[in-house]
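Participant: Pasted the sequence and its predicted model underneath.
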Number of protein chains: 2
Amino acid sequence: MLTAEQVASARERAHSYLSRAGIVLTPAEVAAIEVADFGLSDLATTGLELVVYVNTERVCAKELVLFPRQACPEHRHPSVGGEPGKEETFRCRWGTVYLYVEGEPERTPAARVPSGREQTYTVWHQIVLHPGEQHTIPPDTLHWFQAGDEGAVVSEFSTRSRDEVDIFTDPQIRRATIVS
Amino acid sequence: MLTAEQVASARERAHSYLSRAGIVLTPAEVAAIEVADFGLSDLATTGLELVVYVNTERVCAKELVLFPRQACPEHRHPSVGGEPGKEETFRCRWGTVYLYVEGEPERTPAARVPSGREQTYTVWHQIVLHPGEQHTIPPDTLHWFQAGDEGAVVSEFSTRSRDEVDIFTDPQIRRATIVS
């Protein structure tokens, strides 16, 4: 749960990160920046700020903002009604992103898991994305990511986004943010 | 047909427009910028510069660069093998784009059709895109666009891109550029 003040403040901060990345939004898009705390009420460590440009039956494009060391927790996008799950490409526009996927684990990972939630981060194959670098994640593949010390702005290009069917490793997570 | 020098020069110029728009590319992406003259050998009036970030079976994302008053000629994306044609969203990142689609024609359009090719531009419903503004084009819909006097940088979010099946109104157009 977040207060309306927390949401407004995060929205303003996310807008400043997007501006630093050279990304221009309309006033309506700024007002609609989504602030997600994943139900953990600890936005500084677990959270994501999103601008959804388009989300049709076939295509979705978003900008994602991560504040310094903010993490988007581990999840996957399952198939729905016989259609393969969401396929997504993350392209770093500004800052640094540490992305973790299934595969050979990194021995000395650059990310730091939010304290107390260590058991809910299980994939440790590390991909570091700097501006201009990108990685494509196939459907139904566990992944999570965290910004470096500066924060990050990431473009996401994907098939249709159906946040409500995402499966998170952490059973306490709720994708829809409740604003008090 | 373009000379290798023309391609190299257009690539360098396109890179400078992308940098102005705040878009960072890897050296490999810069070297792979596609310069399209649509077979008309008149790049200054009819042409497009493209960076393809990703193009899978399901999703495609690109940056498009248009030099001042450069036009991408009228075309549509038909269905292929029972699958609906390409659906695409154009989002202006820098400069101004005049986009034309089917619908009520604009009486005083801002774009100027390349001289001698007036008959090959048939849709005149005008949409003007400034930075942060976007428009989604359904499959199989005629459209064309031209940059304003400054040029433009446009992000394209779409389903799979199959340039080879695009249908252009101008029968002289060939989508694949020949480099001499």
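Facilitator: That came through, no problem.
Participant: element containing the spatially closest residue to residue A:33 that is not a sequence neighbour, please.
Facilitator: With sequence-adjacent residues excluded and distances taken as C-beta to C-beta, 6 or more residues apart in numbering or on different chains, residue A:33 is closest to residue A:11, at 4.5 Å. (C-beta placed from N, C-alpha, C; glycine too.) Element membership for residue A:11, per DSSP states H and E: helix A:4-20.
Participant: May I see the buried residues of that helix?
Facilitator: With burial defined by 16 or more other C-beta atoms under 10 Å in any protein chain shown, the residues of helix A:4-20 counted as buried are A:6, A:7, A:10, A:11, A:13, A:14, A:15, A:17, A:18.
Participant: And for stretch A:83-95?
Facilitator: Counting neighbours by 16+ other C-beta under 10 Å, stretch A:83-95 gives A:85, A:86, A:87, A:88, A:89, A:90, A:91, A:92, A:93, A:94, A:95 as buried.
Participant: what is residue A:152 paired to in the beta sheet?
Facilitator: Per DSSP bridges, the residues bridged to residue A:152 are residue A:66, residue A:95.
Participant: How confident is the prediction for it, by pLDDT?
Facilitator: Residue A:152 carries a pLDDT value of 98.
Participant: Now do the contacts for it.
Facilitator: The contact partners of residue A:152, by C-beta atoms under 8 Å, 6 or more residues apart in numbering or on different chains, come to A:64, A:65, A:66, A:92, A:94, A:95, A:96, A:97.
Participant: Looking from chain B, tell me which residue of chain A is nearest.
Facilitator: residue A:22 (1.9 Å; C-beta to the nearest C-beta).
Participant: mind listing what the residue of chain A positioned farthest from its centre touches?
Facilitator: Distance from the C-alpha centroid of chain A peaks at residue A:82, with 25.3 Å (C-alpha atoms, centre = their mean). Applying C-beta under 8 Å, 6+ apart to residue A:82 gives no contacts.
Participant: measure it to residue B:153 for me?
Facilitator: 38 Å (C-beta to C-beta, to the nearest Å).
Participant: Which parts of chain A are helices?
Facilitator: A:4-20, A:27-31 (DSSP state H).
Participant: Okay then, goodbye and thanks.
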